[in-house]
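Student: turn this into a model:
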Amino acid sequence: MFKEKSKDLPYLLAFALTTLFIIPITVYAVPPPDFLFNVGGQIIQAFSIAALFLGAIFSVAYKYIKTKLALLKGKKVIFILGSVVAIIAVSIGAGYLYGEFVKQQEYDKWIEESESYADLNKQSEDYYTEKISRGGTTSETYDLEELREKGDLDQFAFNVAPKIPRGQTASSLDDSEPEEEAPEQLRFISSIDEDIKDENTDFIEDYYEAIATQDFDTAYALSKQSTNFDTFKSWYINTTGITIDKLTRIDRESSSLELTLFEGEKYTRYGTSIKLRYEGDQPVQIASSNVRVLAEGVLKLAEKGDEYIAEKGEVTNDYYTQNQNYPDSIDNSEFSYLLNSNQTDYIVLDAREDLEYENGYLPGSLHIRYADLQAGKWIDLPEDKRIIVICWSGIRGKEVSDFLRTKNLVAAYLLNGANGWVEWGGLWEGNIKFSQRYTEARYTKKYDTSQVKDLVEDGVFLVDSREPWLYDNWHISGSVNIPIMHTPTNDLEDAFNQVPPNSTFITICDGYVNCFDAKITAVELEERGHTFLGRYPKPWEYE
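Tutor: Numbering: from 1, shown residues only. Just a heads-up that it's a prediction; the model follows:
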């Protein structure tokens, strides 16, 4: 009996293999989440039924095949293997075709549902577009409180005022009902970052809130009193609201800010630098100020709702309006011609670091670090002249020029920078190349990753000179960030004080500009008593 069953073993094996290969057919697709499981479930269910069906057919035909096999004798094994291969091939082919059929059905269903969602998205987009353009094609609606929460105030700051509900009272930042007798739009809002608030910023807020609420006695007492009280009062008698939109500290006494002043339905956008006079540790009066009108515009009532919206302000700098198409760069020949001409409507701005300027400079140029320009010193530049920016290679010069143009100043940068200018034979005082003054090997020394890790274990400190956003995105644990080219002068000492006293350190960099910054950082730290070993230019290999 066992012998008889053993004869049937090849056929049972063939049937088992057939069932095994039929069921787990895989459908290759890139569907949304549940799609794969739905298709897979249907395929498994279908081919489970197919397996049973094939098994029944195989059982019926078994005796007939057995009789025929007896005649094949030596060819029996070949026949069995051929049958198994044929069954497997047919199963796989059928599985593939069925899978493609089901996949296409599900895909069509998915597309149909997606299109319905697309219609909903389109309706939402149309609603949003209609909402922000209610005032016409030249108007936009902004909510200042929303912008403050989202951190998008800088995008708002230049030429658009916030929408202000009618009857809003001064300083009302809550949801309370407006007073019936309150002047329309009268209010004061400050968006000064809480992290930098101190006696300086408190003074500035007090000053502008006094103006916004028409407390002229207090405002005049805090002002620089460059005119009499009646004249001062006449400047602000029509003021119905003030928003301080941005403030940057330049140094202990000075700040740069951007604010919007409202007079009924008119608004004016200002850039202002203020220096305060101190008595002891407390500011008591404005010592000096510089004011620049950035834009002017009008408010009007929205077609829907009870809110004011602001038309985009017009640039009030006539010189910029007339010369805004001036090329954004200038080559050595053009620069030389300009220097040797009798033209007076330009200045040369050297935006390099202090160390670079001390090493060598163009006679007659104005030196202001790029970080200080960004912090607010740009307001000290003339608005009725072309500003030709020079740096080392032209890379920073372009950044500075682009930045100044956002402030409605006509700026262009010198192609190839001061280095290219000196090589061309242009006028220069002192050295231009860092290596001509700092010749020691440590200023060109570069360490590899294994060396740096060994040095860190020995107590060497890591100073990362890369841009702040690169450091914030990723940095080597334990390192500190001192990006000099992005640090205002007012904050430099705090940055240098991150390095423990008498440290031995390596600077970290990963690009052309910040690796040059790493050298300047090294010199600055050496002057403060630290020991510099060299640079590490491949921080991505460290961890």
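Student: just say helix, strand or coil for E296.
Tutor: Classification of E296 using DSSP: H, G, I helix; E, B strand; the rest coil returns strand.
Student: just the pLDDT for it.
Tutor: Predicted confidence (pLDDT) for E296: 83.
Student: and the residue nearest to I330 when sequence neighbours are not counted, how close does it get to Y208?
Tutor: Leaving out its chain neighbours, the residue that sits closest to I330 by CB to CB, 6 or more residues apart in numbering is A412, at 5.1 Å. In this view, the C-beta of every residue, glycine as well, is placed from N, C-alpha and C. Distance, A412 to Y208, using CB to CB, to the nearest Å: 35 Å.
Student: just L362 next, same as before
Tutor: Note on L362: its distance to Y208, by CB to CB, is 39 Å.
Student: next one: Q374
Tutor: To Y208, Q374 is 23 Å away according to CB to CB.
Student: what do you get for L533?
Tutor: Note on L533: its distance to Y208, by CB to CB, is 50 Å.
Student: also P283?
Tutor: Note on P283: its distance to Y208, by CB to CB, is 14 Å.
Student: got it, and R396?
Tutor: Using CB to CB, one gets 34 Å for the distance from R396 to Y208.
Student: among those two, which residue is more densely surrounded?
Tutor: Per other CB atoms under 10 Å, whichever of R396 and Y208 has more neighbours is Y208, with 24 against 21.
Student: report the next helix or strand after the helix or strand that contains D454 in sequence order.
Tutor: Element membership of D454, judged by DSSP states H and E, is helix 449-457. Downstream of helix 449-457, the next assigned helix or strand under DSSP H and E is strand 461-464.
Student: and that following strand, what does it pack against?
Tutor: Counting contacts by 3 or more CB pairs under 8 Å, 6 or more residues apart in numbering; DSSP states H and E, strand 461-464 packs against strand 480-481, strand 504-508, helix 512-526.
Student: try it again at 7 Å.
Tutor: Packing contacts for strand 461-464, counted by 3 or more CB pairs under 7 Å, 6 or more residues apart in numbering; DSSP states H and E, involve strand 480-481, strand 504-508.
Student: give me the neighbour count for the closest residue to N238 other than its chain neighbours.
Tutor: Nearest residue to N238, sequence neighbours excluded (CB to CB, 6+ apart): E263, at 4.5 Å. Applying other CB under 10 Å, we find 15 residues neighbouring E263.
Student: dump the residue contacts of E263.
Tutor: Contacts of E263 were listed using CB atoms under 7 Å, 6 or more residues apart in numbering, and they are N238, T239, T240.
Student: quick one, phi psi at it?
Tutor: Backbone torsions for E263, taken as degrees, to the nearest 10, come to phi -130, psi 90.
Student: pLDDT score for it?
Tutor: pLDDT, E263: 87.
Student: equivalent analysis for the one 4 residues further on, please.
Tutor: The predicted local confidence for Y267 comes out at a pLDDT of 86.
Student: circling back: got a list of what the residue nearest to I330 touches?
Tutor: Shown in contact with A412 (CB under 7 Å, 6+ apart): Y326, P327, D328, S329, I330, R386, I388, S401.
Student: where does the chain dip in pLDDT?
Tutor: Scanning the chain for pLDDT under 70 picks out 1-96, 98-186, 299-316.
Student: how's the protein carved up into domains?
Tutor: 2-129, 140-316, 320-435, 438-541 (automatic domain parsing).
Student: next one: the residue nearest to N238 from Q225, what distance?
Tutor: 23 Å.
Student: name the residues of stretch 413-421 that come out as buried.
Tutor: Buried residues in stretch 413-421, defined by neighbour count with 16 or more other CB atoms under 10 Å: Y413, L414, L415, N416, G417, A418, G420, W421.
Student: got a list of contacts for it?
Tutor: Under the criterion CB under 7 Å, 6+ apart, residues 329-332, 335, 388-394, 397-398, 400-401, 432 lie in contact with stretch 413-421.
Student: among those, which ones are in strands?
Tutor: Secondary structure defined by DSSP state E assigns S329, I330, I388, V389, I390 of the contacts of stretch 413-421 to strands.
Student: mind listing the residues bridging to the second one?
Tutor: In this structure, I330 has the following beta-bridge partners (DSSP bridges): L414.
Student: was I right to think it contacts I388?
Tutor: Yes - I330 is within contact range of I388, at 6.2 Å (criterion: CB atoms under 7 Å).
Student: thinking again about what came up before, pick the most deeply packed of the helices and strands packed on strand 461-464.
Tutor: Of all these, strand 504-508 has the most neighbours on average by mean count of other CB atoms under 10 Å, namely a mean of 23.
Student: can I get that one in CSV, CA atoms only?
Tutor: Extracted in CSV, the C-alpha atoms of strand 504-508 (Å, rounded to 0.1, in the frame of the first residue of the first chain):
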residue,chain,number,x,y,z
THR,A,504,42.9,76.0,22.2
PHE,A,505,40.5,75.9,19.3
ILE,A,506,39.8,74.8,15.7
THR,A,507,37.4,76.7,13.4
ILE,A,508,34.7,74.8,11.4
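Student: who are the packing partners of that strand?
Tutor: Packing partners of strand 504-508 (3+ CB pairs under 7 Å, 6+ apart): strand 461-464, helix 512-526, strand 531-536.
Student: adjacent strands (with direction) for that strand?
Tutor: Strand 504-508 has the following strand partners under DSSP bridges: strand 461-464 (parallel), strand 531-536 (parallel).
Student: buried by neighbour count: which residues of the longest one qualify?
Tutor: In this case it means strand 531-536. F532, L533, G534, R535, Y536.
Student: same question for stretch 425-437.
Tutor: Across stretch 425-437, burial judged by 16+ other CB under 10 Å covers G426, N431, I432, F434.
Student: output these in a markdown table; the columns should cover distance to A212.
Tutor: Shown next, in a markdown table, are the buried residues of stretch 425-437 (distance: CB to CB, whole Å):
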| residue | distance to A212 |
| --- | --- |
| G426 | 51 |
| N431 | 52 |
| I432 | 50 |
| F434 | 50 |
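Student: which two of those residues have the greatest separation?
Tutor: The most widely separated members of these, counting by CB to CB, are G426 and F434 (18.5 Å).
Student: quick one, strands of the stretch 351-500 of the chain?
Tutor: Along the stretch 351-500 of the chain, counting by DSSP state E, counting those that start in this stretch, strands occupy 360-361, 366-367, 386-390, 411-414, 429-430, 461-464, 480-481.
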